[in-house]
Structures are given as C-alpha cells and as structure tokens.
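Enquirer: Sharing a model that was predicted from the sequence below.
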Amino acid sequence: MRLCICIVLLSTILCASADRPAIVQGIMRAGQFVRDAAGGARDMLRAYNDMREANYKGADKYFHARGNYDAARRGPGGAWAARVISDAREFWQGSVSGRGAEDSRLDQEANEWGRRGGDPNRYRPKGLPSKY
C-alpha cells in the first residue's frame, strides 16, 4: 500500500512539473499511442459489427473505409491499429478463406482511403439505412 501511495505522489509531482524529463514525455507519448490504438481497434470492431448487423449487399467497402477513417482520426496509434487489423483481415480472406484477390485489392483500397482521411461515403451503396 505504501508503494502505491509513493507511486501516486511521484506521478503527481512529475505530471505537475512544467519541465518534464524526456523519459516522462516518452512514456506519456507511448501511453497516448496505446490509448489511440485501443480506441482504433474499438472503431474497427464497431464498423465490423455494423456491417454484420446491416447485412447489406455491396456495403462492405463502405464499412472498411468507415472503420479505418474513424480509427485513423484518433491519431498515429489508431491508424496503426487500423492498418494491422485490415492487413490481417485481408490476409485471412485472401489466402486462407479463398476469397478472390480482386475483392481483397478493392477492400484494401477502401481501407487506405479511410486511413488517409477520405470520406467513407464514397463507398456507401444506395439504399443503405441512414443508421449506418
């Protein structure tokens, strides 16, 4: 218990100081990266769940772009998480599940479009409910 109190007090002192040591700044940047990555993974999961719920033919590119767009807006960690998740998904679909290379290429195009900040509505199919 005493150790926890010491750590909290030390953290408070270091965070309150205007001149933070470089190591503290590095730790804070790393922590922000991890938070962004976790948030980006949640954004990707939300887009996937919405895609499954919508079950709308031809909407997969829209959801790919939207998930990557939302994740990348969080910062470098979110963009990293979106890239890792998208690449793993496309590897699985392209090589393991037997889906076509052309579909995987188009999915990756939508992923990149979203990560670069492009409007996901470019891929939105006509008739998709406005809920999504």
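Expert: Yep, it's here.
Enquirer: So which bits of stretch 32-41 are buried?
Expert: 33, 36-37, 39-41 (16 or more other Cβ atoms under 10 Å). For every residue, glycine as well, the C-beta is placed using N, CA and C.
Enquirer: Then stretch 64-75?
Expert: 64-75.
Enquirer: so where is this protein shaky, pLDDT-wise?
Expert: Across the chain, the ranges flagged by pLDDT under 70 are 1, 4, 6, 8-18, 96-99.
Enquirer: now the strands for it?
Expert: For the chain, applying DSSP state E gives no strands.
Enquirer: Can you tell me the centre-most residue of it?
Expert: residue 40 (2.6 Å; Cα atoms, centre = their mean).
Enquirer: Let's have the buried residues of stretch 64-75 in CSV, adding distance to residue 131.
Expert: Below are those laid out as CSV (distance: Cβ to Cβ, whole Å):
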residue, distance to residue 131
64, 18
65, 17
66, 13
67, 16
68, 20
69, 17
70, 16
71, 20
72, 23
73, 20
74, 23
75, 27
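Enquirer: for the longest helix anywhere in the chain, packing partners?
Expert: When the chain is parsed with DSSP state H, its longest helix is helix 22-54. If you count contacts as 3 or more Cβ pairs under 8 Å, 6 or more residues apart in numbering; DSSP states H and E, helix 22-54 packs onto helix 60-72, helix 76-91.
Enquirer: Nearest spatial neighbour of residue 81, chain-adjacent residues omitted?
Expert: residue 40 (3.6 Å; Cβ to Cβ, 6 or more residues apart in numbering).
Enquirer: Settle this for me: that neighbour is touching residue 72, isn't it.
Expert: Yes: at 7.3 Å, residue 40 and residue 72 qualify as touching, with contact defined as Cβ atoms under 8 Å.
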